[in-house]
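Colleague: For reference, the sequence and a predicted model appear below.
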Amino acid sequence: MKYTKLLIGIILTLCYNTIGAQTYEDAIRFSQQQFLGTARSISMGGAFGSLGGDFTAIGINPAGIAVYRSSEFTFTPSLNINSTESSFNGLSMDENQTRIGFSQIGFVGTYKPMREVKEGIVSSHFAIGYNKNNNFNFKSIASGNGIVNSMTDIFRINAYGLNPDYYEDSYPDYWDPYNANTGLAFGTYLIDLDGLDDDNVQTYSSFLNEGDKVDQTRVIEKIGYSGEINITGGINISHILMLGGSFNIHTLSYEHDSYYYEQFNAENPENSITFNNFTLHEYLNMSGTGVSLKIGAIVKPIQNLRIGLAYHSPAWIKIEEDYGAKLTVDFFNNIPEIGTRFTEKRYDSQYDYQINTPSKMIGSLSYIFGKKGLISFDYERIDYSNAKIKSNNNSLGDITFATNQSDIISETYTAVNNIRIGGEFRASQNLSIRAGYGIIGSPLENDSENLKITNLSGGIGYRNSSYFIDLAYQLSSSKDYYYNYDWDTIHDVNLQAPPRTSLDIKNHYLALTLGFKF
């Protein structure tokens, strides 16, 4: 495996935002679950660990299957609207994306003895179906003018000391062990040789003069999901103790496209040897499958009180990803070496590996107010620093890369406490009104706000003896940020810090569950 993959994780963390082979970020992306399944669960904030009797509840605590009194089939189509406000260099811009899909489908079978009993095993249960855990749909645009540094600055910083004789026209990994994009910049003449410094080390120039400004725009689009097929069994013991366990097959799909545009600012003094504009398109396509185990229990110490406890093992997920980039440059004048003002280079690569998500514990408490309603609370503990990256083969390069990624995870992420609260009020014999609230803590060790997710939800449901319809709405809010590029000022003390893009992200989620009892 090429030297790039040994360092890319650490260098991406320290240098600038790119999307290829971000395995340490993937570990968090696929661990931070929201339990987007049935409409009833969504409307009550996912606080179903001790309630059971709902297909998404089975995914939270498999003992919830033993609460069922009949067999059931459910299906949940859904609508997701992502809305993102980006703030960059003093300018705010809004973008949105809409996706239609489904968040749950499942069957629960309930089996009772030929003669009804009240003690011992009063019923046994089996379920199979799918619950969606996350939507990755996202789109943003950020733009700013008159910026005093350029992405070409990070290219020349990364190229410092590299031997241009190692440059490969088709795939410049060997030339650039830090990031293949720097090799693309050299291949398209965005940077070029600038002689040796006092230490006899090769330096590079970006052709920009001191004080030159550029205009920058970045468009990011993501689509995808993660979810799991739950195969669950459970028993009800004397209507007091419910036990359950599940074998889970995890599935995920994720696509990320980034388009970065940079243009020579029109107010600059004329500089005929630099670029007019350039575009860097980066892509990442991922798919994965994995397995995990869950066990749980629900106890009813008194008729109206339920206490739940569940353990989720790590999910062992095999990832296959394709990633790459294309750099297209338009210069003001023809380049003498090639006789044209347009240049273009690209690379494409693949990487396969395994993610082990962290285990989690869930404690739950609920109280049922007769036939009037209920209130429920879930507490979830998960330590993201325990996520691991594993190599899929025994090559030293892959093993070293995976170890570096796991080190980044353990140093960057931390343990969090997630809470979910939900309530249901029965307005009539058939109609229920629901509401929920939840907080998913930030996994970042040194930042408790960014990547923290806050959920507000509500909904209604109609039920009779043979079918039910539930409708839910959830507003999910979070904040994040990124840099188009960044550097250690030890390389160039004259460079100003690049502007940061701040993101205010909102996801509007609408779900409709159709259920049939038999």
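Modeller: Yep, it's here. Residues are numbered from 1 along each chain as shown.
Colleague: could I have stretch 225-238 exported to PDB, CA atoms only?
Modeller: Provided in PDB are the C-alpha atoms of stretch 225-238 (Å, rounded to 0.1, in the frame of the first residue of the first chain):
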ATOM      1  CA  TYR A 225     -28.500   6.100   5.200                       C
ATOM      2  CA  SER A 226     -27.600   3.500   7.800                       C
ATOM      3  CA  GLY A 227     -29.900   1.000   9.200                       C
ATOM      4  CA  GLU A 228     -30.200  -2.600  10.500                       C
ATOM      5  CA  ILE A 229     -32.200  -5.700   9.900                       C
ATOM      6  CA  ASN A 230     -33.300  -7.000  13.300                       C
ATOM      7  CA  ILE A 231     -33.900 -10.700  13.800                       C
ATOM      8  CA  THR A 232     -35.300 -10.900  17.300                       C
ATOM      9  CA  GLY A 233     -36.700 -13.400  19.800                       C
ATOM     10  CA  GLY A 234     -38.200 -13.000  23.200                       C
ATOM     11  CA  ILE A 235     -40.300 -14.400  26.000                       C
ATOM     12  CA  ASN A 236     -42.800 -13.000  28.500                       C
ATOM     13  CA  ILE A 237     -42.500 -14.500  32.000                       C
ATOM     14  CA  SER A 238     -45.600 -14.100  34.100                       C
END
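Colleague: Of all the residues in that stretch, which ones are buried?
Modeller: Across stretch 225-238, burial judged by 16 or more other C-beta atoms under 10 Å covers Y225, S226, G227, E228, I229, N230, T232, G233, G234, I235, N236. For glycine as for every other residue, the C-beta is placed from the backbone atoms N, C-alpha and C.
Colleague: okay, now V299: neighbour count?
Modeller: Residue neighbour count, defined by other C-beta atoms under 10 Å, stands at 16 for V299.
Colleague: from what I can see S465 touches K517, true?
Modeller: Yes - in this structure, S465 is within contact of K517 by C-beta atoms under 8 Å, at 7.1 Å.
Colleague: These two: which is more packed in?
Modeller: Per other C-beta under 10 Å, whichever of S465 and K517 has more neighbours is K517, with 18 against 8.
Colleague: For the more buried one, which residues are in contact?
Modeller: Neighbour list for K517: S70, S71, E72, S465, S466, Y467, F468 [criterion: C-beta atoms under 8 Å, 6 or more residues apart in numbering].
Colleague: where does the fourth one land in three-state SS?
Modeller: Looking back up the chat, that one is S465. Under the three-state scheme (DSSP: H, G, I helix; E, B strand; the rest coil), S465 adopts coil.
Colleague: can you tell me which residues contact L365?
Modeller: Contacts of L365 by C-beta under 8 Å, 6+ apart are S50, L305, R306, I307, G308, S376, F377.
Colleague: Could you say which helix or strand holds L79?
Modeller: strand 72-88 (DSSP states H and E).
Colleague: ugh, wrong one, T400
Modeller: Counting by DSSP H and E, T400 is found in helix 396-412.
Colleague: So for that helix, mean pLDDT?
Modeller: Across helix 396-412, pLDDT averages out at 84.
Colleague: Would you format the buried residues of stretch 225-238 as TSV with distance to A185, pLDDT and secondary structure included?
Modeller: Converted to TSV, the buried residues of stretch 225-238 look like this (distance: C-beta to C-beta, whole Å; pLDDT from 0 to 100; DSSP: H, G, I helix; E, B strand; the rest coil):
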residue	distance to A185	pLDDT	secondary structure
Y225	34	93	strand
S226	34	94	strand
G227	39	95	strand
E228	41	95	strand
I229	44	97	strand
N230	47	96	strand
T232	52	97	strand
G233	57	97	strand
G234	58	97	strand
I235	63	97	strand
N236	65	96	strand
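Colleague: can I get those residues in a markdown table with distance to M44?
Modeller: What follows is the buried residues of stretch 225-238, written out as a markdown table (distance: C-beta to C-beta, whole Å):
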| residue | distance to M44 |
| --- | --- |
| Y225 | 22 |
| S226 | 22 |
| G227 | 20 |
| E228 | 20 |
| I229 | 23 |
| N230 | 19 |
| T232 | 20 |
| G233 | 25 |
| G234 | 21 |
| I235 | 25 |
| N236 | 22 |
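Colleague: top of the contacts of L365 by neighbour count?
Modeller: Busiest of the contacts of L365 [other C-beta under 10 Å] is S50, holding 32 neighbours.
Colleague: Just to be sure, that residue is in a helix?
Modeller: No - with three-state DSSP as the criterion, S50 is coil rather than part of a helix.
Colleague: For A63, see how far away it is.
Modeller: 9 Å (C-beta to C-beta, to the nearest Å).
Colleague: What of G436?
Modeller: Distance from G436 to A63, by C-beta to C-beta: 21 Å.
Colleague: still on that earlier bit, following element in sequence after the helix holding T400, please.
Modeller: Once helix 396-412 ends, the next helix or strand along the chain (criterion: DSSP H and E) is strand 415-426.
Colleague: Using PDB, write out every CA atom in the helix or strand just after that next one.
Modeller: Going down the chain from strand 415-426, the next helix or strand is strand 431-440, by DSSP H and E. The C-alpha coordinates for strand 431-440 follow below in PDB (Å, rounded to 0.1, in the frame of the first residue of the first chain):
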ATOM      1  CA  LEU A 431     -56.800   8.700  19.200                       C
ATOM      2  CA  SER A 432     -53.500   9.500  20.900                       C
ATOM      3  CA  ILE A 433     -51.400  12.700  20.900                       C
ATOM      4  CA  ARG A 434     -47.600  12.300  21.400                       C
ATOM      5  CA  ALA A 435     -44.500  14.500  22.000                       C
ATOM      6  CA  GLY A 436     -40.800  13.800  22.500                       C
ATOM      7  CA  TYR A 437     -37.400  15.400  23.100                       C
ATOM      8  CA  GLY A 438     -33.900  14.100  22.800                       C
ATOM      9  CA  ILE A 439     -30.200  15.100  23.000                       C
ATOM     10  CA  ILE A 440     -27.400  13.200  21.300                       C
END
